[in-house]
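Undergrad: Below is the sequence, then the predicted model.
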2 protein chains.
Amino acid sequence: MISNLEVLLIPETLTSGQYATVYNFLSLVIAAQLFTALFLLISLPRILPRYRQAITVAIVVCGIAAYHYFRIFDSFKAAFGSESIGGTGDYVQVVGESFNEGYRYVDWLLTVPLLLLELIAVLALARKVQTGLILRLLPAAALMIILGYPGEISGDNTVRGIFGLLSTLPFLYILYVLFVQLTKSLGNQPASVRGTLSRLRFLLLLSWGVYPIAYLLPLLNIAGSDAWVFKQVGYSVADIIAKAVYALIIFYVARLKSYDDDPDFASRELSTEDAPAVSSK
Amino acid sequence: MISNLEVLLIPETLTSGQYATVYNFLSLVIAAQLFTALFLLISLPRILPRYRQAITVAIVVCGIAAYHYFRIFDSFKAAFGSESIGGTGDYVQVVGESFNEGYRYVDWLLTVPLLLLELIAVLALARKVQTGLILRLLPAAALMIILGYPGEISGDNTVRGIFGLLSTLPFLYILYVLFVQLTKSLGNQPASVRGTLSRLRFLLLLSWGVYPIAYLLPLLNIAGSDAWVFKQVGYSVADIIAKAVYALIIFYVARLKSYDDDPDFASRELSTEDAPAVSSK
């Protein structure tokens, strides 16, 4: 069963161009996550304490992603040896080694609930509303990932379809909470960040949309090494947008809210032209 | 004796699905412990100094666990080579290498007493009460682990049973102190955390309960590779709950107690809606 899967989902050879493409994209993700985490760590004192929970979670998310991409990178290098076939320069899958796609699920199981926590934390809502959102969104996110896994590791397209469908239910619930219930809370946010927060949900929808598409590729009978390379590149880009770019937008929102909450803080942090008038400095 | 033990307790082959499951769970524990430690390290300034001892101990516990899981992970990879048998994709135990279950005991010997110290430290009791609890709970915890070890490494079920029983005595004493003696101290805690602290003891009981069950599996003649995989997954999940999740709840308690102790601190850390009224900012 599992050995069928490997034949189905992982190509036996990659051209040197395909190998280099996957290699460079995996490395790009490591750099993006690691240095977004470092940037946010250094910038933590530059927002008010009440927004540091959101950014701390963002640092942890980018750190976890970097850790898993180091593992994925090693797994990729081990799975595709550098033997060339008859001098063609192609990379052949090493017998007995397989590329571990499971790391992605371990990563998502930890990071996807935390991504929603980032968003909830930066809103700095009343404790009761916040707890309600956490209790609804985080278990739904974990359930979405857990239900996807049996389909991902199955070589059977029916099993893949069923679990894909089951996994979509918590996803729709998350969208409902984000776009219907959260809209009420947006009205209490400062005018300067309302638009950004609203658009952030679309960024989330857009980047998360890549994962089901990659999941469905085998169902559509799209196979072969090109499809596999395309899937790895797609996951990599989606992970950069959903974690690093998303974290930077959350940081931007936290900065704007900090200025809005405390004019003293704004006058220290902003250039003299932009700073609001403060009575006593 | 030792080679008998290996035959008894460690399967000779794992299917690639079983191998991937253990592999991914061990990696999940590393990520969970490492990034909980990082989260707490960054968040240390966000609680009052009097609760930082508890969180510092929590960081150390998660760090120690991450270290040992790196070792367990390497031991697992070394013990099960990647040779496939006749192209089945199964993983065979490498001759001369054995999976070192002993790392878990070294880990527990250090971390289990420290987990109790976390709980005592976050209570911030009077010095005399605190010293009394430490002198009773920490040696009992160490004794519990030490008495379990001779049973764990024995292939003889009688030896296993006797040491299992001896190890249960300090465990029952710990439960007595936590549920009878500690209940008196809970009355002095702020109302906002009393429920959480009380439930924390059940989380501890629940997660610690996994260890004796796994210990008893060979006594119940449950063997084979499925049982072994189940045991590794069980230990992994129990270690995440007993250390990382437990630490995050201790942090949450420390945050709530910090707000309760110092309204100025609360007004800086909380959203304007929740913050208590403070005369001068």
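TA: On my side now, so go ahead.
Undergrad: Can you name the next helix or strand after the helix or strand where A:F251 lies?
TA: Here A:F251 sits within helix A:246-261, counting by DSSP states H and E. Using DSSP H and E, the next helix or strand after helix A:246-261 towards the C-terminus is helix A:263-269.
Undergrad: Which positions in that next one come out as buried?
TA: Within helix A:263-269, the residues that count as buried by 16 or more other CB atoms under 10 Å in any protein chain shown are A:F265, A:A266, A:S267. The way it works is simple: take the backbone N, C-alpha and C, and place the C-beta from them, glycine included.
Undergrad: Show me what it is packed against.
TA: helix A:246-261 (3 or more CB pairs under 8 Å, 6 or more residues apart in numbering or on different chains; DSSP states H and E).
Undergrad: what does the average pLDDT come to for the helix it packs on?
TA: For helix A:246-261, mean pLDDT rounds to 94.
Undergrad: Same question for stretch A:272-281.
TA: 61.
Undergrad: A:L28: what's it in contact with?
TA: Taking CB atoms under 8 Å, 6 or more residues apart in numbering or on different chains, we find A:L28 in contact with A:S236, A:I240.
Undergrad: show me where pLDDT drops low in the stretch 151-281 of chain A?
TA: Applying pLDDT under 70 to the stretch 151-281 of chain A picks out residues A:218, A:221-223, A:275-281.
Undergrad: Dihedrals phi and psi, A:F99?
TA: Phi and psi for A:F99, reported as degrees, to the nearest 10, are phi -70, psi 130.
Undergrad: actually A:L175, sorry about that
TA: phi -60, psi -40.
Undergrad: dump the residue contacts of it.
TA: A:L205.
Undergrad: And A:L119, by the same measure?
TA: Neighbours of A:L119 in contact, by CB under 8 Å, 6+ apart: A:A54, A:L200, A:L204, A:I250.
Undergrad: Just the closest of those to A:Q130, please.
TA: A:A54 (11.3 Å; CB to CB).
Undergrad: Next, the contact list for A:L114, please.
TA: A:V57, A:V60, A:V61, A:I64.
Undergrad: what about the last one, helix or strand, and which?
TA: Here A:I64, judged by DSSP H and E, is contained in helix A:52-79.
Undergrad: Would you mark the buried spots in that helix?
TA: Under 16+ other CB under 10 Å, the buried positions of helix A:52-79 are A:52-73, A:75-77, A:79.
Undergrad: Considering only those residues, which also neighbour chain B?
TA: Checked against chain B using CB under 8 Å from any CB of the partner chain, the buried residues of helix A:52-79 give the following subset in range: A:R52, A:Q53, A:T56, A:V57, A:I59, A:V60, A:G63, A:I64, A:Y67, A:H68, A:R71.
Undergrad: The last one - nearest residue in space that isn't next to it in sequence?
TA: Leaving out its chain neighbours, the residue that sits closest to A:R71 by CB to CB, 6 or more residues apart in numbering or on different chains is A:Y103, at 5.1 Å.
Undergrad: Tell me the predicted confidence for that neighbour.
TA: 86.
Undergrad: now A:G81
TA: So A:G81 comes in at 72 (pLDDT).
Undergrad: That one touches A:Y91, doesn't it?
TA: Yes: look at A:G81 against A:Y91 with CB atoms under 8 Å: they come within range, at 6.8 Å.
Undergrad: So the two - more neighbours on which side?
TA: In terms of neighbours (other CB atoms under 10 Å in any protein chain shown), A:Y91 is the more surrounded of A:G81 and A:Y91; the figures are 25 against 13.
Undergrad: Identify the bridge partners of that one.
TA: Counting by DSSP bridges, A:Y91 forms beta bridges with A:L14.
Undergrad: how near is it to B:V229?
TA: 32 Å (CB to CB, to the nearest Å).
Undergrad: residues contacting the residue of the stretch 101-250 of chain A found nearest chain B?
TA: Using CB to the nearest CB, A:A124 is the residue of the stretch 101-250 of chain A that sits closest to chain B, at 3.9 Å. In this structure, A:A124 makes contact with A:R50, A:Y51, A:K257, B:S271, judged by CB under 8 Å, 6+ apart.
Undergrad: let's see 6 Å
TA: By CB atoms under 6 Å, 6 or more residues apart in numbering or on different chains, the residues touching A:A124 are A:R50, B:S271.
Undergrad: residues in the stretch 51-200 of chain A within reach of chain B, list them.
TA: A:T56, A:V60, A:G63, A:I64, A:Y67, A:G96, A:E97, A:G102, A:V106, A:A124, A:A126, A:R127 (CB under 6 Å from any CB of the partner chain).
Undergrad: what two of these are the furthest from one another?
TA: That would be A:G96 and A:A126, which, of those, are the farthest apart (CB to CB) at 56.0 Å.
Undergrad: Show the backbone phi and psi for A:T15.
TA: According to degrees, to the nearest 10, A:T15 has phi -70, psi 160.
Undergrad: Number of residues surrounding the closest residue to it other than its chain neighbours?
TA: With sequence-adjacent residues excluded and distances taken as CB to CB, 6+ apart, A:T15 is closest to A:D90, at 5.6 Å. Using other CB under 10 Å, A:D90 is surrounded by 19 other residues.
Undergrad: For A:D90, grab phi and psi.
TA: phi -70, psi 150.
Undergrad: circling back to that earlier point, would you mind pulling up the elements that the helix holding A:I64 packs against?
TA: Applying 3 or more CB pairs under 6 Å, 6 or more residues apart in numbering or on different chains; DSSP states H and E, we find helix A:52-79 packed against helix A:16-43, helix A:102-123, helix A:246-261, helix B:16-43.
Undergrad: mean confidence for the last one?
TA: What that stands for is helix B:16-43. 93.
Undergrad: now stretch A:158-167: how far from the chain's centre is it?
TA: Chain-centre distance of stretch A:158-167: 22 Å, with CA atoms, centre = their mean, to the nearest Å.
Undergrad: What lies in contact with it?
TA: Outside stretch A:158-167, the residues touching it (CB under 6 Å, 6+ apart) are A:M144, A:L147, A:G148, A:P150, A:G151, A:S154, A:Y215, A:L219.
Undergrad: Can I get those in TSV including neighbour count?
TA: Output for the contacts of stretch A:158-167, formatted as TSV (neighbours: other CB atoms under 10 Å in any protein chain shown):
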residue	neighbour count
A:M144	24
A:L147	19
A:G148	25
A:P150	14
A:G151	23
A:S154	20
A:Y215	17
A:L219	13
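Undergrad: May I have stretch A:140-154 as PDB, with CA atoms only?
TA: Provided in PDB are the C-alpha atoms of stretch A:140-154 (Å, rounded to 0.1, in the frame of the first residue of the first chain):
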ATOM      1  CA  ALA A 140     -11.600  23.500  14.100                       C
ATOM      2  CA  ALA A 141      -8.100  24.200  12.700                       C
ATOM      3  CA  ALA A 142      -6.600  21.200  14.400                       C
ATOM      4  CA  LEU A 143      -9.500  19.000  13.200                       C
ATOM      5  CA  MET A 144      -9.000  20.300   9.600                       C
ATOM      6  CA  ILE A 145      -5.400  19.100   9.600                       C
ATOM      7  CA  ILE A 146      -6.000  15.800  11.400                       C
ATOM      8  CA  LEU A 147      -8.800  14.900   8.900                       C
ATOM      9  CA  GLY A 148      -6.600  15.700   5.900                       C
ATOM     10  CA  TYR A 149      -3.700  13.300   7.000                       C
ATOM     11  CA  PRO A 150      -5.300   9.900   6.400                       C
ATOM     12  CA  GLY A 151      -6.200  11.100   2.800                       C
ATOM     13  CA  GLU A 152      -2.700  12.400   2.200                       C
ATOM     14  CA  ILE A 153      -1.000   9.200   3.100                       C
ATOM     15  CA  SER A 154      -3.500   7.000   1.200                       C
END
